[in-house]
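>>> give me the fold of what follows.
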Amino acid sequence: FGTAGNVGMKLTTVAEMFGVIVTCLVLHSVNWPVLLHLPAAVEGVSSKALACAVVTALAIVMLFVQARHLSVFAIAGLVANVMLAVAVVAAPLVAGGFPEPTGSACPVLSSTILDSDTMSYSAFNLEGLGFAVCVILFAFGGHATFPEFWRAMPTSERPHFAKACNLGFTLAATVYCTVAGVGYHYFGACTADSITLNLMHAQRFLGNLATACVLLSTFTTIAAFNVPLIRITLEVLVGEEKANAPGRTSGIFEAFDPLTVTIKIVTLVSAALVANLVPNFGYIVAIMGAVTTMLLCLILPTAFYMKVKPNMPAVQMLGTGFINALGFV
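Residues are numbered from 1 along each chain as shown. I've put the predicted structure just below:
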C-alpha cells in the first residue's frame, strides 16, 4: 500500500499505544483509592485524579529506562496474572457466601453497576457480544511493542522470540479464561468493569494482594507501550535515520536528549489528562478493542498479506478474506 499504508500503520500504532497507556492509568485511578481506603475526595481533589497524578509522576522515571532492560519486568506480569487467577478462585471461597443468591442486590463497585442491578446470569447475551469481542481483542493486543523488543534482544536470543510469544499468549489465555469463567460464576451480573474491585470487596487480603500485583504489572508496562509511540513520533519530527540511530547510554537509562525527554513527558501527561475524562475502565477497553486493536490484529495484517501474496491458494485466500471481513463486522 506504499506511503499511505505506512502512514496509516504508524497512525494506528500511535493511537493504540497511547490508548493502552490511558487504559493503564484509568485502571490505577480506579483501583488505588479502593486499595488504600481513600475517601472520594482529598482536600477537594478527586481521589481518582490524585491517584492518576501520582502514578503518572512515578511512571515518568520508567520512561527513560532502555527498552532492552524493560523485559526484566516481564516477571511482574507473570506473577500478577497468576496471583489474579489464584485470588479469583480463592477469595470467594475464603470469604464464603459466594455466589450470592439470584435476585440479591449488587454492590455498587463501579459506574457500570446501577443501584437497581441484581445478581443474575445470562447464558448468551447477543447485545453484549460486540463488547465482549472488543475486550478480548484488547487483552491480546500490544503487538506494536514486539518489534521494539526484538530489536533490543541480543542476536543469540532472537531465534527464540516466536516461541516465547506463543508461550506467553498461551499462558495468558489460560489465566484469562480462568478469571473470566470462575469470576462470572462467583459474581455474575454483579461483576464490576475491573474484577479486582469485586475481589477486594469479597476478601480484603487476597483481593488487595492480587490488585497490588496487577497494578505493579501495568505500571511497568506503561514504559514498554511508550517505546514505539516515541520512536514513530521522532521519525516524523527528525526522520527515520536519526530516530533509529543508536545513542549513548548510561547504565540502564537512555542518553539524555531534550527532544525525546519533552515528547515522553508531554505524551504521558496528555494520557493522564485523557484518563481523567474516561468514565470507566470497561468503556476505554471496549473502545480500544473495537478500533485500534481490531485494525492491528485482524484488518490490516490480512489486508497487507493479501496485497503481497495475491496468488495464494484459493482456500488460503478465502480464510484470509474471512478474517479480514470479521474485523469489519
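>>> any idea where the helices of the stretch 101-250 of the chain begin and end?
129-139, 146-152, 161-187, 195-202, 204-238, 240-243 (DSSP state H, counting those that start in this stretch).
>>> what about E241, neighbour count?
8 (other CB atoms under 10 Å). In this view, the C-beta of every residue, glycine as well, is placed from N, C-alpha and C.
>>> gap between it and L234?
11 Å (CB to CB, to the nearest Å).
>>> try N208
Counting by CB to CB, the gap from N208 to L234 is 40 Å.
>>> same deal with V54?
Relative to L234, and taking CB to CB, V54 is found at 28 Å.
>>> so between these two, which is more surrounded?
L234 (18 against 13).
>>> and that one, what pLDDT?
pLDDT for L234: 87.
>>> find the nearest non-adjacent residue to it, please.
With sequence-adjacent residues excluded and distances taken as CB to CB, 6 or more residues apart in numbering, L234 is closest to A243, at 3.7 Å.
>>> now do the contacts for that neighbour.
Contacts of A243 were listed using CB atoms under 8 Å, 6 or more residues apart in numbering, and they are 231, 234-235, 237.
>>> any of those buried? List them.
231, 234 (16 or more other CB atoms under 10 Å).
>>> most widely separated two among the contacts of A243?
Taking CB to CB, the two most distant members of the contacts of A243 are R231 and L237; they sit 11.0 Å apart.
>>> against R68, how distant is the residue nearest to L234?
From A243 over to R68 (counting by CB to CB), the distance is 17 Å.
>>> same question for F322.
38 Å.
>>> looking at these two, which is more packed in?
Shown here are F322 and R68; by other CB under 10 Å, R68 has more neighbours (15 against 11).
>>> my guess is the more buried one is in a helix, correct?
Yes - checked against DSSP: H, G, I helix; E, B strand; the rest coil, R68 lies within a helix.
>>> follow-up on the earlier one: could I get the contacts of A243 as TSV with distance to I136?
TSV is the format used below for the contacts of A243 (distance: CB to CB, whole Å):
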residue	distance to I136
R231	28
L234	32
E235	31
L237	35
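>>> quick one, what contacts E16?
141, 144, 288, 292-293, 296.
>>> which outside residues touch the helix or strand containing L93?
Per DSSP states H and E: L93 is located in helix 74-95. For helix 74-95, the surrounding residues in contact (CB under 8 Å, 6+ apart) are 98-99, 171-172, 175, 178-179, 182-183, 186-187, 195-196, 199, 202-203, 206-207, 209-210, 213-214, 216-218, 220-221.
>>> angle of that helix against helix 204-238?
Here helix 74-95 runs at an angle of 150 degrees relative to helix 204-238 (axes from the mean of the first three to the mean of the last three CA atoms, to 10 degrees).
>>> could I get the buried residue list for helix 74-95?
Within helix 74-95, judged by 16+ other CB under 10 Å, the buried ones are 74, 76-77, 80-81, 83-92, 95.
>>> just the closest of those residues to V315, please.
Distance to V315 across the buried residues of helix 74-95 (CB to CB) is lowest for N81, with 36.1 Å.
>>> where along the stretch 1-150 of the chain do the strands fall?
Ranges of strands within the stretch 1-150 of the chain are 41-42, 45-46, based on DSSP state E, counting those that start in this stretch.
>>> check those for me: which has the lowest mean pLDDT.
Among the strands of the stretch 1-150 of the chain, strand 41-42 scores lowest, at a mean of 86.
>>> residues in contact with that one?
Contacts for strand 41-42 (CB under 8 Å, 6+ apart): 47, 50.
>>> what about that strand, distance to the chain center?
Relative to its parent chain, strand 41-42 has a centroid offset of 27 Å by CA atoms, centre = their mean, to the nearest Å.
>>> so in that sheet, which strands flank it, and in what orientation?
Strand 41-42 has its sheet partners listed here by DSSP bridges as strand 45-46 (antiparallel).
>>> list of residues touching the partner strand?
Everything outside strand 45-46 that qualifies as a contact, by CB under 8 Å, 6+ apart, is A40.
>>> let's go with 6 Å and repeat that
Outside strand 45-46, no residue is within contact range by CB atoms under 6 Å, 6 or more residues apart in numbering.
>>> how about low-confidence regions in the chain?
Filtered on pLDDT under 70, the chain yields the residue ranges 1-2, 142-144, 244-251, 329.
>>> residue most distant from the centroid, it?
N311 (36.4 Å; CA atoms, centre = their mean).
>>> over to it. Which of the three states is it?
coil.
>>> for it, give its distance to M200.
56 Å.
>>> just V261 next, same as before
For V261 relative to M200 (CB to CB), the value is 37 Å.
>>> and what of G5?
Taken as CB to CB, the span from G5 to M200 is 45 Å.
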